[in-house]
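Participant: Attaching a predicted model along with its sequence, questions to come.
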Amino acid sequence: MNTTGQYLEALRAQPPLVHNITNYVAMNVMANVLLATGASPAMLHAREEVGEFAALATVLTVNIGTFDGEWLAAMEEAATVMTEAGKPWVLDPVAVFATQFRRDAVARLVALKPTVIRGNASEIMAVAGAEASGQGADAGDSVEAAEEAARDLARQTGAVVAVTGEVDFVTDGARAYRVENGHAVMPKVTALGCSLTGVVGAFVAGIPALEGTVAALAYYGLAGERAGARTDGPGSFAVAFLDELHGMTPEALSAGARVRAV
Amino acid sequence: MNTTGQYLEALRAQPPLVHNITNYVAMNVMANVLLATGASPAMLHAREEVGEFAALATVLTVNIGTFDGEWLAAMEEAATVMTEAGKPWVLDPVAVFATQFRRDAVARLVALKPTVIRGNASEIMAVAGAEASGQGADAGDSVEAAEEAARDLARQTGAVVAVTGEVDFVTDGARAYRVENGHAVMPKVTALGCSLTGVVGAFVAGIPALEGTVAALAYYGLAGERAGARTDGPGSFAVAFLDELHGMTPEALSAGARVRAV
Amino acid sequence: MNTTGQYLEALRAQPPLVHNITNYVAMNVMANVLLATGASPAMLHAREEVGEFAALATVLTVNIGTFDGEWLAAMEEAATVMTEAGKPWVLDPVAVFATQFRRDAVARLVALKPTVIRGNASEIMAVAGAEASGQGADAGDSVEAAEEAARDLARQTGAVVAVTGEVDFVTDGARAYRVENGHAVMPKVTALGCSLTGVVGAFVAGIPALEGTVAALAYYGLAGERAGARTDGPGSFAVAFLDELHGMTPEALSAGARVRAV
């Protein structure tokens, strides 16, 4: 068994408490995805407690999908707690290209030193300051077109940057990997990208950020492949996907992960 | 193939960006329903960006299910952007009969000229100023009892009005249609009415409002019939329903749509 | 048929309007669970209407999962309406052990005289003032360890107290029951505990609180057993669970309920 499966085994042996400040669309799916993976999810965001709770968490994820000014303040407070404590946190800059409010918010969050930044190609290009073309929350650019922006962003920020799409690209600015697992129906199920951010959080809770992110993406994509192979539409896919995340053994993950250094 | 199927084909050929300000219960289901249909959904509501984003959207839908005063202000701002730009928007006056806050809010939203108003019989009667009897968010009146109120409301507002129930009724005040597709288990799955409002939005993005609304209702009801025929309860129905929305061909829709002019 | 099945029959014969102020993760699942049970759910929380709506409801449930200060004020207002009208309401003190904000909020809500308090072992111990050890929203204590705290809390508050876990424990301070129905996969599906609080609300709407709570737990756990017996993971379980809640007959419930007075 190679390290990918060992990482999943390690995660399940010591389930991380993953604190997520995420969007309303994703909350339920993300909690189920994290439970199926073997982590312990918690969703809360109120200014009155968010810092106190972040101090208890193993890892934090922040997603701006349906945020507002109040939520942004909570995100900043929780992220600061994590960074000051030396604990990892993951940023998901949903649709950052769409409005000035999002661009400004993400600039503030990036300044708080996320451990990992995960987005689609257009999102990563926009965070890196490159010209991006998305529609709504969907990428209008290919992963390949975002690779240079991802490397730049990783170097600028010190974060591991993951560009997810048909083939994922992960880099820390020096090293880089492509992860080829996945299934074509995944973009037809809402919140799977957002929920992947939670899984990245669960993996980097106890594993170095670059390796943990790559393992999370392979695990997630492989579960998608297996679910897609036995379903016929986005509704039945989503159900089978949770079962596959839950039923995945470390051995199956090591055998099925398709990761290449580039 | 008649026009109903052609409308679905046209929608999928040029996926509209559907901006939804909807309730917390419906957000995830509605996004999945819109993805399965072939549209591109976006859920966001913050005052800081809602107008800027509405300007990018093809169509807007507004649903007051779990709103508050802040959300109402965002709804008004986004609706104003659409009306001033000559772009369509759809209003879903959830449980308008239940509280004074809802009645007042819907009066303000109706004044902003929605393209389509979709509700159950009690909701449409209440918006039209007729005596209505609902419980919680459920209709206590039959669709037939709401037909005259629907015609009045369409004439007063210039909107297409859709009363959905066992048999749906759609009118622009002059012409009217009944749509007989549907399945008895649909009211046992939460947020299917709310999500239908999103599908109406997707159809009227590029199709005249009366025809687009009728086609959306037939498509939705037919997918429900097909899902209901092969499942045995609301849980499995909801899963099959997404698969059927996704798998529906234009030909199957044209063949199965049961629409009558009245 | 014993009384457990009769209670389910009575609930369905006169569907209660269950007003839920709950968390974002649970809203959709809880509404579906209540519809499948045969109740009429409503989710709303805005200060502008929450008291007016509570006055229309048969029963209220309050869950602090993702609350903030504004939501707490709405919860207090709605709970006051119920208590002053002599109508039942149910409190779900999610993760009360985690932060000071939660401890203070629950103290205020308990002072408003909930009819039933439902939580996991660590939550009930924390509300009762005992030392508790949870992680995130998950219990770190056994149901057995919480029994004395549950009896104390029931005596202090006059509420029926339900500690749910592998075997549930329900007490009014004098009498007590264990409910042994359930399935091991249930903690792997998010919001099933929260949604159970809604079902408890539906049952105690028309049934004395101790008997209604016990019946709700048996019904819920039995549906879980039946769903678990024919599925293979948390995704397919969640789907089958809704079907089983919906398809459960009063006869099957009476036959399958495993309740013991202790």
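Facilitator: Done, it's in. Numbering: from 1, shown residues only, chains lettered A, B, ... in the order given.

Participant: Which strands and helices lie in contact with the longest helix belonging to chain A?
Facilitator: When chain A is parsed with DSSP state H, its longest helix is helix A:209-228. Judged by 3 or more CB pairs under 8 Å, 6 or more residues apart in numbering or on different chains; DSSP states H and E, helix A:209-228 is in contact with helix A:3-13, strand A:116-119, strand A:160-163, strand A:168-171, strand A:176-179, helix A:192-204, helix A:234-247, helix A:250-256. Every residue, glycine included, has its C-beta placed from N, CA and C.

Participant: I'd like these as CSV, with distance to chain C and mean pLDDT appended.
Facilitator: Below are these laid out as CSV (distance: least, CB to the nearest CB, whole Å; pLDDT from 0 to 100):
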stretch, distance to chain C, mean pLDDT
helix A:3-13, 12, 96
strand A:116-119, 21, 98
strand A:160-163, 24, 98
strand A:168-171, 23, 98
strand A:176-179, 23, 98
helix A:192-204, 11, 98
helix A:234-247, 3, 98
helix A:250-256, 14, 98
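
Participant: Any chance of a markdown table for those, columns mean neighbour count and distance to A:T37?
Facilitator: As requested, the helices and strands packed on helix A:209-228 are arranged in a markdown table below (neighbours: other CB atoms under 10 Å in any protein chain shown; distance: least, CB to CB, whole Å):
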| stretch | mean neighbour count | distance to A:T37 |
| --- | --- | --- |
| helix A:3-13 | 19 | 7 |
| strand A:116-119 | 29 | 15 |
| strand A:160-163 | 30 | 17 |
| strand A:168-171 | 25 | 17 |
| strand A:176-179 | 21 | 16 |
| helix A:192-204 | 29 | 6 |
| helix A:234-247 | 24 | 6 |
| helix A:250-256 | 17 | 11 |
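
Participant: And those: which comes nearest B:W71?
Facilitator: helix A:192-204 (21.2 Å; CB to CB).

Participant: then that closest one to CSV, C-alphas only?
Facilitator: Output in CSV follows, covering the C-alpha atoms of helix A:192-204 (Å, rounded to 0.1, in the frame of the first residue of the first chain):
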residue,chain,number,x,y,z
LEU,A,192,-19.2,18.7,-4.4
GLY,A,193,-16.4,21.2,-5.0
CYS,A,194,-17.2,22.9,-1.7
SER,A,195,-17.3,19.6,0.1
LEU,A,196,-14.0,18.6,-1.3
THR,A,197,-12.5,21.6,0.5
GLY,A,198,-13.7,20.0,3.7
VAL,A,199,-12.0,16.7,2.8
VAL,A,200,-8.8,18.6,2.0
GLY,A,201,-9.1,20.1,5.5
ALA,A,202,-9.5,16.7,7.0
PHE,A,203,-6.4,15.4,5.3
VAL,A,204,-4.1,18.3,6.0
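
Participant: How far off centre is that helix?
Facilitator: Centre-to-centre, helix A:192-204 and its host chain are 4 Å apart (CA atoms, centre = their mean, to the nearest Å).

Participant: ok, it near chain B or not?
Facilitator: No. Figure legend: helix A:192-204 not in contact with chain B (CB under 8 Å from any CB of the partner chain); closest approach 10.4 Å.

Participant: Which one of the helices and strands packed on helix A:209-228 lies nearest to C:A139?
Facilitator: Closest approach to C:A139 among those (CB to CB): helix A:3-13, 18.9 Å.

Participant: just checking, what packs against that closest one?
Facilitator: Against helix A:3-13 (3+ CB pairs under 8 Å, 6+ apart) you get helix A:192-204, helix A:209-228, helix A:250-256.

Participant: What lies in contact with the shortest one?
Facilitator: In other words, helix A:250-256. Here helix A:250-256 makes contact (CB atoms under 8 Å, 6 or more residues apart in numbering or on different chains) with A:1-6, A:8-9, A:181, A:215, A:218-219, A:222, A:225-226.

Participant: same question, stretch A:166-173
Facilitator: Outside stretch A:166-173, the residues that reach it (CB under 8 Å, 6+ apart) are A:143-144, A:146-147, A:150-151, A:154-155, A:158, A:160-163, A:176-180, A:182, A:184, A:209-210, A:213-214, A:217, A:221, A:262.

Participant: A:F97 against A:E123, yeah?
Facilitator: Yes. Contact status for A:F97 versus A:E123: in contact at 6.6 Å, counting by CB atoms under 8 Å.

Participant: more neighbours, those two?
Facilitator: Neighbour comparison, A:F97 and A:E123: the larger count goes to A:E123, with 30 against 24 (by other CB atoms under 10 Å in any protein chain shown).

Participant: Spell out which parts of the stretch 1-150 of chain A neighbour chain C.
Facilitator: A:17, A:19, A:24, A:27-28, A:31-32, A:35-36, A:40-49, A:52-53, A:56-57.

Participant: one step back: using PDB, write out every CA atom in the longest helix of chain A.
Facilitator: Provided in PDB are the C-alpha atoms of helix A:209-228 (Å, rounded to 0.1, in the frame of the first residue of the first chain):
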ATOM      1  CA  ALA A 209      -0.200  20.200   3.200                       C
ATOM      2  CA  LEU A 210       1.000  19.200  -0.300                       C
ATOM      3  CA  GLU A 211       0.800  15.500   0.300                       C
ATOM      4  CA  GLY A 212      -2.400  15.700   2.200                       C
ATOM      5  CA  THR A 213      -4.100  17.800  -0.500                       C
ATOM      6  CA  VAL A 214      -3.000  15.400  -3.300                       C
ATOM      7  CA  ALA A 215      -4.300  12.400  -1.300                       C
ATOM      8  CA  ALA A 216      -7.600  14.100  -0.600                       C
ATOM      9  CA  LEU A 217      -8.100  14.800  -4.300                       C
ATOM     10  CA  ALA A 218      -7.300  11.300  -5.300                       C
ATOM     11  CA  TYR A 219      -9.600   9.800  -2.600                       C
ATOM     12  CA  TYR A 220     -12.500  12.100  -3.600                       C
ATOM     13  CA  GLY A 221     -12.000  11.500  -7.300                       C
ATOM     14  CA  LEU A 222     -11.700   7.800  -7.000                       C
ATOM     15  CA  ALA A 223     -14.900   7.600  -4.900                       C
ATOM     16  CA  GLY A 224     -16.500   9.600  -7.800                       C
ATOM     17  CA  GLU A 225     -15.300   7.100 -10.400                       C
ATOM     18  CA  ARG A 226     -16.700   4.200  -8.500                       C
ATOM     19  CA  ALA A 227     -20.000   5.900  -7.900                       C
ATOM     20  CA  GLY A 228     -20.300   7.000 -11.500                       C
END
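
Participant: between that helix and helix C:234-247, how many degrees?
Facilitator: 50 degrees (axes from the mean of the first three to the mean of the last three CA atoms, to 10 degrees).

Participant: for helix A:209-228, what is the average pLDDT?
Facilitator: For helix A:209-228, the mean pLDDT works out to 98.

Participant: what angle sits between that helix and helix A:192-204?
Facilitator: Using the same axes, to 10 degrees: helix A:209-228 against helix A:192-204 is 130 degrees.
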